[in-house]
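Asker: Just the structure for this:
(one chain, ligands or ions: 1)
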Amino acid sequence: MLRLADIDLIYNAGRADEVVALRNLNVTFDRGQFVTVVGTNGAGKSSLIQTISGAARPTRGRVHLDGRDVTRLPDHRRAGWIARVFDDPRAGTAPELSIEDNLALAMARGRARGLRFAVTARRRAVMREHVAGLGLGLENRLADRVGLLSAGQRQSLTMVMAALSAPSVLLLDEHLAALDPGTTATVLALTTELVRELGATTVMVTHNMDHALALGDRLLVMSRGRVIADYDGTEKSEMTVGGLIDRITGAGDALSDRSALIEKVA
Ligand SMILES: Nc1ncnc2c1ncn2[C@@H]1O[C@H](COP(=O)(O)OP(=O)(O)OP(=O)(O)O)[C@@H](O)[C@H]1O
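Answerer: Residues are numbered from 1 along each chain as shown. Just a heads-up that it's a prediction; the model follows:
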């Protein structure tokens, strides 16, 4: 179980440019739950992700993961439990290293928590199997540098790396935002499959209302550093894109440019 208790996250505290990014946030994520998060620009979605990952230290409150207080653990010390996929496909992989070396690094991250891969041949077989599952032919290019791959290939690889690190928590921070429509569909399908396979508690931030409603079994709406709506699977399945947008704009928030654009196109 992942629990955020009484969290405030304040940037530039006490200065003229002080920003309260998260305000008295209390959220509990059950183990294995897949939660999508929406909200307008500046609502605090990335701050929520960063507070879970350890990239941001809350000004007040505690973060508990599987019964352990991890509030003071920096992100690299949480990496054995938590995998994060960013919006920028370049962020999750090392471009100068081969596909194989990137995958090996991800597996080593998981191993830090007890996952063991006894022999190199076995390790390579596991990698090949995972990469082949993408259907992109990357299993025949394991020695290629990751910098040679397209954005979609790279983001797919990042997802596989996240899976290989066997996290208890998977954080997807607008991970589809920078992809073209065709690649989005591929990575979206991969997301659903991986989350099911991993059984990890998953938090996915998105500006795409369709994705927010289609994926996961719970939906949070954020506004000005707070969770203003928390829909369970049944409520979410009954929600429409229009209803969700009304909920966001009803809080007095203007719809973000990207969400508005998606709505117009749809
Ligand atoms: N490092 C920082 N220093 C100062 N203010 C920050 C910092 N990071 C975020 N903020 C501010 O905190 C608030 C919440 O930002 P956050 O990035 O969490 O919002 P968001 O919901 O992810 O928005 P977006 O959809 O635009 O990415 C915003 O007002 C933002 O400007």
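
Asker: low pLDDT regions in the chain?
Answerer: Within the chain, the ranges that satisfy pLDDT under 70 run 110-120, 251, 253-266.

Asker: Once you drop chain neighbours, what's closest to the residue nearest the centre of the chain?
Answerer: Residue closest to the mean C-alpha point of the chain, counted by CA atoms, centre = their mean, is L172 at 1.4 Å. Sequence neighbours aside, M204 is the residue nearest to L172 in space, at 4.0 Å (criterion: CB to CB, 6 or more residues apart in numbering). The C-beta positions use only the backbone N, C-alpha and C, and glycine is treated the same way.

Asker: Kindly tell me how buried the one you found is, as a neighbour count.
Answerer: 26 (other CB atoms under 10 Å).

Asker: Let me know whether it touches V38 as I believe.
Answerer: No - counting by CB atoms under 8 Å, M204 does not reach V38; the two are 9.8 Å apart.

Asker: For beta bridges, what are the partners of R68?
Answerer: According to DSSP bridges, L65 are recorded as the beta-bridge partners of R68.

Asker: Tell me how many other residues crowd it.
Answerer: When counting by other CB under 10 Å, one arrives at 10 neighbours for R68.

Asker: Tell me who's in contact with the residue lying closest to A229 once chain neighbours are set aside.
Answerer: Spatial nearest neighbour of A229, excluding adjacent residues (CB to CB, 6+ apart): V221 at 3.9 Å. Taking CB atoms under 8 Å, 6 or more residues apart in numbering as the criterion, V221 is in contact with V37, V38, G39, V227, I228, A229, D230, Y231, L244, R247, I248, A251.

Asker: From the chain's centroid, how far away is stretch 91-100?
Answerer: Centroid displacement of stretch 91-100 relative to its chain, using CA atoms, centre = their mean, to the nearest Å, is 19 Å.

Asker: May I see the buried residues of it?
Answerer: G92, T93, S98, I99, E100 (16 or more other CB atoms under 10 Å).

Asker: out of those residues, which one sits closest to the ligand?
Answerer: G92 (17.4 Å; CB to the nearest ligand atom).

Asker: can you give me phi and psi for that closest one?
Answerer: Dihedral pair for G92: phi -90, psi 0, per degrees, to the nearest 10.

Asker: now T206
Answerer: Dihedral angles of T206 (phi, psi; degrees, to the nearest 10) stand at phi -150, psi 150.

Asker: Touching, it and V35? I think so.
Answerer: No - the criterion here is CB under 8 Å, and T206 misses it with V35 at 11.1 Å.

Asker: Give me the distance between T186 and the ligand.
Answerer: Look at T186 and the ligand: by CB to the nearest ligand atom, to the nearest Å, they are 24 Å apart.

Asker: Would you mind giving the secondary structure of that residue?
Answerer: Put simply, T186 is helix when judged by DSSP: H, G, I helix; E, B strand; the rest coil.

Asker: what sits against it?
Answerer: Here T186 is in contact with L134, G152, S156 (CB under 8 Å, 6+ apart).

Asker: repeat for P167
Answerer: Residues near P167 by CB under 8 Å, 6+ apart: W81, I82, A83, G110, L198, A200.

Asker: so can I have a markdown table of these showing secondary structure?
Answerer: A markdown table is the format used below for these (three-state DSSP):
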| residue | secondary structure |
| --- | --- |
| W81 | coil |
| I82 | strand |
| A83 | strand |
| G110 | helix |
| L198 | helix |
| A200 | coil |
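
Asker: ok, those residues vs the ligand, which is closest?
Answerer: Nearest to the ligand, judged by CB to the nearest ligand atom, of the contacts of P167 is I82 at 17.3 Å.
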